[in-house]
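**Student:** have a look; sequence and predicted model below, questions after that.
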Amino acid sequence: MSTEKNPLITNLEIALRYHNLGFSIFPLWKGTKGNPIVQWKKYISEKPTEDEIKNWWTKYPEANIAIVTGKISGIFVLDTEKDFDLNNIKILNRTSTVITGRGGRHFYFKIPKDTEVDTHIEIWGKDPKNKADIKGNGGYVVAPPSFNAETKNYYEWVEDIAYIDFPPEWLLELIENINTEKSSIPFHEVAKGVSEGSRNVSATSFIGHVLLKTQIDMWEMVAWPAVLSWNSKNNPPLDETELRSTFDSIARREFNRQKGMVTKDDLASYDGPDKVISSHEMKNIINANKLEYKYKSILLAPLDRVCDGFVPGELIVISGPEKMGKTRLLQFLTVAFSQQSIPVLWFTYEMTPREFIDRYKNLPIFYLPMMNKSYDLKWLESRIIEAKKKYDIKVVMIDHLGFILDAAQQQNLAVQLGTVVRFLKSVAREQEIVIFLVHHMRRIEVDEQPSVRDLRDSALIAAEADSTVLIWRLPKPGQKKRKGESVEFGEESMIKVCNHRRTGVMEETFRLRFDKETGHYHEIGGSSNHKEVDIDDITKIMKG
C-alpha cells in the first residue's frame, strides 16, 4: 500500500506486462474495485487482445487494472482483510503478494494441474480477524498500481508478480474440503434420502429445488410437507427444528429473489452496479467518464451548436405538424452519422422496410428489424439490445411514439405516454445510446408558431425528454391564407430546440433554407461565424 505511484511507468505498460504473463485482464474505473468499464464476464473464458488493452488504457490512461482469477489466468488469490491475523495461517511459501488499497493482503498462487479452484467468500466466517476469500474461477482481483479513492492509497507489490508459487498443502486441503462440502449429489439420489454425512448440504439442495418448483402461496401447504417427507427417508433424519430453520432461511432468500429483493445479509457484501459508493469514488468515476462521446450531425451545424452534440443516455423528442419534415430530419441525421461510422438503428413503423429504403438513392449503412412489432415495449427493448450486441449501435431512431403506445390499455393516455417515454429514457441510459423519438403535434394554424405545449396528448413527454426539437416548414413567400384553400410550402424551415436539459437552452430557434441548386442548407440570420451546412452528400443520397 502506497500513497504514491511510480510516475515513470504507465498503467498501460503494466497492463501489457500482465497480459504478456498470460493473465486475462480488464479495466475498472479509476479509484474503484467493483465498477468495470467493460462487460468483463467474457474475459473469464477468453483473454483480451493486445489491441483491446491498448485501446482501453489509451482511452482511460488512469483506469484501475483487474486480473481475472481462475483457470483462464492459471492463478487463484487468497484475499485477506486489513485486520486479518496473519498468525492464523501459515504462508510458508514465498509467493507474489499485494498490499491492497485498504491495507489487506492478496496472496497469489499457481493452480496445480488437474485442480479446480472456484471463488469462495468468507471461508473462515465474518470475524475481521479471520475474514478471507478465495478468488478463483469466476472472480477477479484489483492489481497494482490501481488506486483506492477512499483511502487515497495505491495497490502495491511486496513480492513481485514474477514470484507466484504453488499453494501450501494446507490451503489445497482447505479448498478440497470446501469443494467437497459444496459438491452436489444428483437430485434423483438426494430425493431418495441421504446418510448423516451429507444431510445438511442435501437439505439445502432439496429445499431450494422444491421452493423453486412450487408457487409461493403453496409453500406451506405443498413445499414444507414435501421436505418433511424427504427428511423421513434420511438415515437418520435431521432434527425438525433445525430443518425448519433451514427451510425458513432458504424460503426468505427465494422469496426475495423472486420479488427482486435482497436480504440484509446480502446487502453487507452487495457489489451490484447500483451499489452505494462514496462521493470521492463517484467523482473519480465521473472524471474518468467525462462526456467523451458527443455525436454531432456535422451536416446541420446550427443543431450541433445549440445542442452541443448528442450524448449517450439522452432521449430527444422530434415533433412538429404532420408532413413537415420530421422523418426527413432524422434521415439527414442518419446519413451524417453513417458518414462518421456511428451505427444507427431504425424503427420505421409508418413505412415498410421497402418503402423506407426506397427513399434513398444511395443507401447509407444503418440497421433495422426485418419486421416491426407495434405496441410492444419489451420487443423494442430486445431489438435494441440485440443491435447493440451485434453491431454496437450508438443511435436509435423511432418513428413514431404512437406505434409503441398500447392505446387499448385501461390507463390514462397522458400517464401512459409519460410512462413509455420514461421507459425509453431508461433504455437509453442502460444501453448508453441516444434515442430520437418522433411524436406528432396537434393541428395548428399555418401562421402559428408551435411550442412544446402543442405536443399531442401529454405535456409529460417534453418533461421526461432531455430536449424537444420542433420542426415546421414555412409557406412560400407572398401567400395569403384563404379559408378552404391549401397552402403551398417553400424550401424554408424553422427548427426550435426547447428545454435542453444538459446545455440549459430553454428555447432557441433558427431558420434554414434549402438551396436545390447548390445542395446547401443556409442558416438564415445566423451570426457570421456560423458555417454553412454543406449537404451535397445528402442530396446525392436522398431522393427529392
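**Tutor:** Received the coordinates, thanks.

**Student:** name the nearest residue to residue 471, ignoring sequence neighbours.
**Tutor:** Closest residue to residue 471 apart from its sequence neighbours, by CB to CB, 6 or more residues apart in numbering: residue 320 at 4.4 Å. Heads up, the C-betas are built off the backbone N, CA and C, glycines and all.

**Student:** who does that neighbour bridge with?
**Tutor:** residue 440 (DSSP bridges).

**Student:** ok, it - how many residues close by?
**Tutor:** By other CB atoms under 10 Å, the residues close to residue 320 number 26.

**Student:** can you check the one 4 residues further on too?
**Tutor:** Applying the criterion other CB under 10 Å, we find 20 residues in the vicinity of residue 324.

**Student:** measure the residue nearest to residue 471 to residue 390 for me?
**Tutor:** 32 Å (CB to CB, to the nearest Å).

**Student:** centroid residue for this protein?
**Tutor:** residue 430 (4.5 Å; CA atoms, centre = their mean).

**Student:** tell me the SS of it?
**Tutor:** helix (DSSP: H, G, I helix; E, B strand; the rest coil).

**Student:** would you map out the domains in the chain?
**Tutor:** 11-179, 185-268, 301-476+486-541 (automatic domain parsing).

**Student:** which one, of the ones you listed, ends up nearest to residue 277?
**Tutor:** Nearest to residue 277, of all the domains of the chain, is domain 11-179, at 7.4 Å by CB to CB.

**Student:** for the stretch 101-250 of the chain, which segments are assigned as helices?
**Tutor:** In the stretch 101-250 of the chain, the helices defined using DSSP state H, counting those that start in this stretch lie at 169-182, 187-190, 199-213, 224-231, 240-258.

**Student:** now these in TSV, with distance to residue 51 and mean neighbour count?
**Tutor:** Shown next, in TSV, are the helices of the stretch 101-250 of the chain (distance: least, CB to CB, whole Å; neighbours: other CB atoms under 10 Å):
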stretch	distance to residue 51	mean neighbour count
helix 169-182	36	14
helix 187-190	45	12
helix 199-213	43	18
helix 224-231	54	17
helix 240-258	39	15
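
**Student:** with mean pLDDT and distance to residue 358 added, can I get the ones you listed in CSV?
**Tutor:** Formatted as CSV, the helices of the stretch 101-250 of the chain follow (pLDDT from 0 to 100; distance: least, CB to CB, whole Å):
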stretch, mean pLDDT, distance to residue 358
helix 169-182, 71, 61
helix 187-190, 69, 57
helix 199-213, 81, 52
helix 224-231, 92, 62
helix 240-258, 82, 49
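
**Student:** got the ones you listed as a markdown table, with distance to residue 327 columns?
**Tutor:** Listed next are the helices of the stretch 101-250 of the chain as a markdown table, based on distance: least, CB to CB, whole Å:
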| stretch | distance to residue 327 |
| --- | --- |
| helix 169-182 | 58 |
| helix 187-190 | 56 |
| helix 199-213 | 48 |
| helix 224-231 | 59 |
| helix 240-258 | 43 |
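
**Student:** among those, which is nearest residue 473?
**Tutor:** Across these, closest to residue 473 is helix 240-258 (CB to CB), at 53.7 Å.

**Student:** packing partners for the closest one?
**Tutor:** helix 199-213, helix 224-231 (3 or more CB pairs under 8 Å, 6 or more residues apart in numbering; DSSP states H and E).

**Student:** how many residues are close by residue 353?
**Tutor:** Residue 353 has 14 nearby residues by other CB under 10 Å.

**Student:** er, residue 76 actually
**Tutor:** Residue 76: 29 neighbours (other CB under 10 Å).

**Student:** cool, residue 314 as well?
**Tutor:** Residue 314 has 22 nearby residues by other CB under 10 Å.

**Student:** how about low-confidence regions in the stretch 301-450 of the chain?
**Tutor:** Scanning the stretch 301-450 of the chain for pLDDT under 70 picks out 406-412, 446-447.

**Student:** and the helices in it?
**Tutor:** Going by DSSP H, counting those that start in this stretch, the stretch 301-450 of the chain shows helices at 301-307, 326-339, 353-357, 377-391, 413-431.

**Student:** out of those, which is closest to residue 235?
**Tutor:** Nearest to residue 235, of all the helices of the stretch 301-450 of the chain, is helix 377-391, at 49.2 Å by CB to CB.

**Student:** angle of that closest one against helix 413-431?
**Tutor:** 20 degrees (axes from the mean of the first three to the mean of the last three CA atoms, to 10 degrees).

**Student:** buried residues in helix 377-391?
**Tutor:** 380-381, 383-384, 387-388 (16 or more other CB atoms under 10 Å).

**Student:** that older thread, out of the helices of the stretch 101-250 of the chain, nearest to residue 94?
**Tutor:** Once those are compared by CB to CB, helix 169-182 is nearest, at 14.5 Å.
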